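A.B. asks: The sequence and its predicted three-dimensional model are supplied below.
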Amino acid sequence: MVLILGPLMLKALLSAHFARDNMIFAIKMFIASMLALYISLAMSLERPAWAMATVYIVANPLSGAVASKGIFRILGTVAGGAMAIAIVTTLVNSPELMSLAMACWVGFCLFVSLQDRTPRSYFFMLSGYTAAIIAFPVVDNPQQVFITAVARMEEIILGIVCVTLVSHLIFPRHIGPVLAGRIDGALATLSKAARDILAPHKGDISVVEDVKRLAASISELHGLAIHLNYEPSSLRGMTRPLQALQHQMVLLLPVLLEINDRINQLRSLELKAPQPLRELLDDILQWLESSHRRDLTRSAEFIRRISAVEQECVRETPWLTAMELSALTALRTFIERYAQCCQMWMDIRSGNIDMDRYPLGDSKGRFDLHRDRGAAMRSGVAALISVGLACAFWYVSAWNMGSTFAMMAAVGSSILASMDNPVPAMLSFVRYTVASLFFVFIYVCGVFPAIDGFPLLVLALAPVYLWFGSMLFNPANTLTALPILVNTAMLLNITNNATLDMAALANSAAAMVLGFLLPALVISFISAMTAEHSAWRLLRHSWRDLAEAARGEHLYSAEHFTRTMLDRIGLLSARLASAPRLTASAQTIWGESALGTRLTILQRLHPELPPMMQGQLQRLQGNIHDYYAAKGEGRKADPHLLDGSLAEHLVEQLLHLPATSSRRQAMLMLVGVKRCLALIQQAELNSQAAPTVV
């Protein structure tokens with residue numbers, strides 16, 4: 001034991017940081033936990049440790065996030081308590097059915113939780129394992145289920161109220177300024193990327209990297225904005241407008257890459273831009289270089305000038321003409337959307353936002369986040385099996401701590417399930433749970449016998465809770481600090497009538513450790529994925545959606561497709577560092593996102609084209625469908641199906657037909673299809689020609 005605890009304790013202690021912000025956070029959380037503990041003891045509540053541990057479970061440096069998580073935890077606790085009462089009172093005479101029902105409830109709630117990629121998911125997860133925490137300890141005494149449920153609700157609510165009050169009253173740190181800084185930074189980066197593209201003699205590498213970083217940064221704004229309603233910052237009540245702004249900013253990213261591609265292509269041909277276009281680009285560059293207080297009314301002037309340049313756009317070949325028109329259209333789209341984003345942000349900051357002016361989600365107000373139902377289902381099944389096996393062992397062995405074992409199996413299979421492979425994190429949680437026994441032993445055997453009164457208790461607990469509380473400020477240390485903070489409180493189980501029972505303490509600790517080890521074992525067989533496997537699933541989801549878009553089976557709008565794909569790109573980027581073998585397959589994902597968007601729009605424009613061209617377009621879409629259907633099924637796809645000559649031929653035909661708005665849009669979409677296919681095909685052929693690295 002000493003050999004295990006020594007290195008763990010040394011590593012944990014050396015991970016502490018005593019910077020000002022860390023210590024302020026640690027002191028605030030310690031004050032909240034001691035306040036919750038004091039009130040619990042004064043009211044003679046049954047398990048004061050629950051209130052104390054709750055403070056650290058919902059702890060967050062941002063006050064709005066604390067209140068938000070606290071509300072969802074209260075709601076989840078109430079829902080879980082109600083379900084526990086229903087299951088126990090209904091199935092008390094059938095322990096096997098009761099165990100099955102509880103396991104199914106935990107698995108179902110976890111499945112639903114993993115489908116909701118917002119802070120609301122915490123409510124569903126809590127509903128699942130709270131029912132297990134309340135129900136399993138009262139199996140032998142079912143008439144106590146209501147009292148136990150009420151006691152847990154009281155202590156959870158007490159802990160949340162204490163941490164929320166302290167977080168909001170003592171040096172509050174609001175999420176509003178954090179969001180404002182990120183939005184200002186994102187708008188500045190969008191402006192910089194556009195300047196890099198439009199300025200002469202600029203390469204495209206930095207632009208692509210800027211866009212990749214922006215995709216990950218902007219995607220986080222959606223979830224952060226949810227916390228705004230739980231704090232008194234200047235952005236309070238602006239959750240929906242900020243989410244609308246985030247979605248408009250996301251839609252700018254593929255437009256930037258489109259402008260970058262078209263301008264690079266035209267520059268590679270050394271085409272001389274006409275004087276009006278050169279003057280226009282110079283004025284736009286100057287406009288973008290100004291501060292965020294730039295004159296947004298000039299965007300209308302730029303759009304008029306772009307339209308005038310388009311009227312004079314005639315190049316040596318129809319294809320070059322179409323390329324230049326595509327570049328100008330993308331530039332106009334960027335200026336319109338960028339100016340709209342700047343105006344939205346100004347309106348939001350002034351509190352004068354009119355949501356009727358801005359689109360928000362789809363027609364039903366939904367946002368387009370990727371959901372992997374297969375992975376969520378496997379995680380739910382793993383939780384069901386873990387709880388079921390724990391209950392089976394409990395009944396067969398008649399272990400007096402079997403209820404704690406089953407209860408912790410429910411908790412352990414849920415709290416880290418959002419990770420691709422939670423097993424290493426769960427084992428880390430187990431290691432630091434074991435390490436917490438070091439402090440419990442010192443307190444129980446050496447410190448508590450000498451304590452008389454609450455002030456001395458606070459002084460005794462302060463060193464450990466301030467030290468590890470300072471670590472909790474940094475999310476990277478959560479799996480080190482949280483199990484020590486929470487499990488030390490739970491194992492000490494401080495009450496008004498505490499008695500020293502080392503056998504019960506050892507039994508309880510063993511149940512907690514085994515309660516995490518069992519689901520870790522089950523998850524490793526059923527639902528754990530490597531980062532590479534997870535990235536591969538994201539790619540295959542994208543390829544299947546592309547095949548549907550090419551066949552016209554995609555049910556949603558082009559914007560829905562774009563936002564869903566960009567969300568996947570953000571998820572994929574976080575995994576590629578651990579999946580180098582998929583780098584080649586993933587490097588075309590931006591082009592594939594743009595390709596699917598254009599195919600979705602072309603499907604809507606299909607009836608507006610002449611019959612002969614409809615047949616040619618169907619052949620083009622059929623080739624793309626066959627290619628991505630094969631990739632989505634894991635089969636080898638023929639890159640020659642991505643030949644874009646048919647798209648170029650359709651563009652030339654459309655330029656010779658009488659102009660209509662639908663034909664012009666179809667022409668521009670086909671230019672995009674041709675360019676996307678060229679980039680994807682070249683990348684595919686290069687990857688096939690590359691030597692295998694052993």
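C.D. replies: That came through fine. Numbers count the residues shown, from 1 in each chain.

A.B. asks: ok, longest helix in the protein?
C.D. replies: Secondary structure of the chain read by DSSP state H shows that its longest helix is helix 318-350.

A.B. asks: That one packs against which elements?
C.D. replies: Contact analysis of helix 318-350 by 3 or more C-beta pairs under 8 Å, 6 or more residues apart in numbering; DSSP states H and E lists helix 175-198, helix 239-268, helix 298-311, helix 645-655, helix 661-689 as its packing neighbours. Using the backbone N, CA and C atoms, a C-beta is placed for each residue, glycine as well.

A.B. asks: and with 6 Å instead?
C.D. replies: helix 239-268, helix 298-311, helix 645-655, helix 661-689 (3 or more C-beta pairs under 6 Å, 6 or more residues apart in numbering; DSSP states H and E).

A.B. asks: Could you tell me the angle between the third one and helix 318-350?
C.D. replies: Pointing back at helix 645-655 there. Relative orientation of helix 645-655 and helix 318-350, computed by axes from the mean of the first three to the mean of the last three C-alpha atoms, to 10 degrees: 90 degrees.

A.B. asks: now helix 645-655 and helix 661-689, what's the angle there?
C.D. replies: Using the same axes, to 10 degrees: helix 645-655 against helix 661-689 is 160 degrees.

A.B. asks: got the buried residues for helix 645-655?
C.D. replies: Neighbour-count burial for helix 645-655, with 16 or more other C-beta atoms under 10 Å as criterion, is recorded at 646-651, 653-655.

A.B. asks: and the helices and strands packed on helix 318-350, which is most packed in?
C.D. replies: Across these, averaging neighbours per residue (mean count of other C-beta atoms under 10 Å) puts helix 239-268 on top, at a mean of 21.

A.B. asks: Do me a favour and average the pLDDT over it.
C.D. replies: For helix 239-268, the mean pLDDT works out to 84.

A.B. asks: starting at the chain centroid, how far to stretch 401-418?
C.D. replies: 24 Å (C-alpha atoms, centre = their mean, to the nearest Å).

A.B. asks: Revised request: answer the last question for stretch 371-381.
C.D. replies: 16 Å.

A.B. asks: buried set for it?
C.D. replies: Going by 16+ other C-beta under 10 Å, stretch 371-381 has these buried residues: 372, 375-381.

A.B. asks: Next, name the residue at the spatial heart of this protein.
C.D. replies: Central residue of the chain (C-alpha atoms, centre = their mean): R117, 5.9 Å from the mean position.

A.B. asks: quick one on the thing from earlier: could the helices and strands packed on helix 318-350 go into JSON lines alongside distance to Q343?
C.D. replies: What follows is the helices and strands packed on helix 318-350, written out as JSON lines (distance: least, C-beta to C-beta, whole Å):
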{"stretch": "helix 239-268", "distance to Q343": "10"}
{"stretch": "helix 298-311", "distance to Q343": "9"}
{"stretch": "helix 645-655", "distance to Q343": "34"}
{"stretch": "helix 661-689", "distance to Q343": "25"}
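
A.B. asks: So which of those is nearest P142?
C.D. replies: helix 239-268 (42.2 Å; C-beta to C-beta).

A.B. asks: Not counting stretch 397-412 itself, show me its contacts.
C.D. replies: Outside stretch 397-412, the residues that touch it by C-beta atoms under 6 Å, 6 or more residues apart in numbering are 106, 129, 132-133, 136-137, 386-387, 390-391, 394, 507, 511-512, 514-516, 518-519.

A.B. asks: at 8 Å instead, please
C.D. replies: 99, 102, 106, 128-129, 132-133, 136-137, 139, 383, 386-387, 389-391, 393-395, 426, 429, 507-508, 510-512, 514-516, 518-520 (C-beta atoms under 8 Å, 6 or more residues apart in numbering).

A.B. asks: Then stretch 621-630?
C.D. replies: 543-544, 546-547, 550-552, 595, 599, 602-603, 636-639, 641-643, 646, 677.

A.B. asks: What are the buried residues along it?
C.D. replies: 621, 623-630.

A.B. asks: same deal with stretch 475-491?
C.D. replies: So for stretch 475-491, counting by 16+ other C-beta under 10 Å, buried means 477-491.
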